[in-house]
Every structure is written in structure tokens, then in C-alpha cells.
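> The following comprises the amino acid sequence and a computationally predicted model.
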Amino acid sequence: MKKIILVLCTGNSCRSQITEGYLRHFADNKADIYSAGVETHGVNPKAIATMHEDGIDISKHTSNNIDEYYDIDFDFVITVCDNAKERCPFFPTKAKKYHQNFLDPAKAIGTEEEIKEQFRQVRQQIKDYCRQFVTDNL
């Protein structure tokens with residue numbers, strides 16, 4: 001039976017989008033993956049580009065608000081930033097909650113190349129986390 005996973009972040013623009021992409025990749029058909037934010041900021045073009053570098057297309061992802069998913073009985077809710085964990089509304093669900101705070105690459109500063117490198121570092125951290133999460137839970 002497929003598991004249902006929600007990835008939650010502040011704006012559903014970078015970290016949650018990257019996490020959704022990797023969970024879809026590693027879970028294959030073992031889970032339905034959703035991502036949302038406590039706000040919506042649109043999918044960050046740099047997140048799309050950095051995932052494209054690793055062969056994963058998230059260009060069709062949308063930025064969704066947590067309010068859209070209240071009627072889904074999730075098996076897992078993963079918060080990927082401290083702000084979302086603190087602001088995560090109560091879900092009337094049996095979902096197991098996981099939390100891993102990743103730095104927000106959208107707040108990276110420096111040259112264009114330094115910013116790209118920060119996106120790549122966060123991408124790798126998320127990729128490793130997702131691979132392990134799927135191994136441990138699916």
C-alpha cells in the first residue's frame with residue numbers, strides 16, 4: 001500500500017520542492033508525495049536549475065499552501081525548516097512527524113557562483129536525507 005508524505009517548509013519554494021523531487025525519485029511508486037508551505041512563494045528558479053543539474057525535473061511543481069491538504073490522511077509529515085516546524089498547524093492525522101532543518105539557499109549571498117554552490121550543498125544534504133528516509137520508512 002502506498003504511503004502518503006507531506007513535506008512542509010515556510011514558502012514551498014526551495015527546500016520542500018527539492019525534498020519532494022528527491023522523495024519522488026527515491027520512493028519510485030511506493031509513495032504519493034506532496035509539498036506545501038505555511039505561505040507560498042512560488043517555486044524558486046534556482047531550485048529548479050540545481051535539481052536539473054542532478055537530472056531531476058521539478059519545473060512543473062507548484063507552490064502550495066498547507067490549507068490545501070487538510071483533508072488528506074498523511075502517513076508522514078516532514079518539516080524541512082525550523083520555522084515550518086514551529087508554525088505547522090495541527091493535523092488530525094496519524095502521521096509520523098519528522099524534522100530536519102536545512103539552511104535556506106534562497107537566502108544565500110555572494111557571487112552568482114557562490115550562491116549556486118550553496119544551492120548545491122543544500123541539495124546534496126537533502127538528497128542524502130531523502131535517500132535515507134526512503135530506506136528507513138518505505
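Yep, it's here.
> Would you mind listing where the protein has pLDDT under the threshold?
Scanning the chain with the threshold set as pLDDT under 70 gives 85, 87-92.
> What's the separation between the residue nearest the centre of the chain and residue 111?
Ranked by distance to the mean C-alpha position of the chain (C-alpha atoms, centre = their mean), the top residue is residue 16 at 2.0 Å. Computed as C-beta to C-beta, to the nearest Å, the residue 16 to residue 111 distance reads 26 Å. Bear in mind the C-beta positions are built from the backbone N, C-alpha and C, glycine included.
> just residue 138 next, same as before
Counting by C-beta to C-beta - residue 138 and residue 111 are separated by 39 Å.
> same thing with residue 70?
For residue 70 relative to residue 111 (C-beta to C-beta), the value is 42 Å.
> which of those two has more neighbours?
Ranked by neighbour count (other C-beta atoms under 10 Å), residue 70 and residue 111 place residue 70 first, with 11 against 8.
> how close does the more buried one sit to residue 78?
17 Å.
> And the helices in this protein?
15-27, 45-53, 82-87, 112-137 (DSSP state H).
> Which secondary structure elements does the longest one sit against?
This means helix 112-137. helix 15-27, helix 45-53 (3 or more C-beta pairs under 8 Å, 6 or more residues apart in numbering; DSSP states H and E).
> again with the first one
Under the contact definition 3+ C-beta pairs under 8 Å, 6+ apart, helix 15-27 sits against strand 3-9, strand 31-37, helix 45-53, helix 112-137.
> quick one, which of the ones you listed is packed in tightest?
Counting by mean count of other C-beta atoms under 10 Å, strand 3-9 has the highest mean neighbour count of these, with a mean of 25.
> Let me see the contact set for residue 73.
Residue 73 is in contact with 4, 93-95, counting by C-beta atoms under 8 Å, 6 or more residues apart in numbering.
> Dump the residues you listed to CSV, plus distance to residue 51.
Below are these laid out as CSV (distance: C-beta to C-beta, whole Å):
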residue, distance to residue 51
4, 22
93, 28
94, 31
95, 25
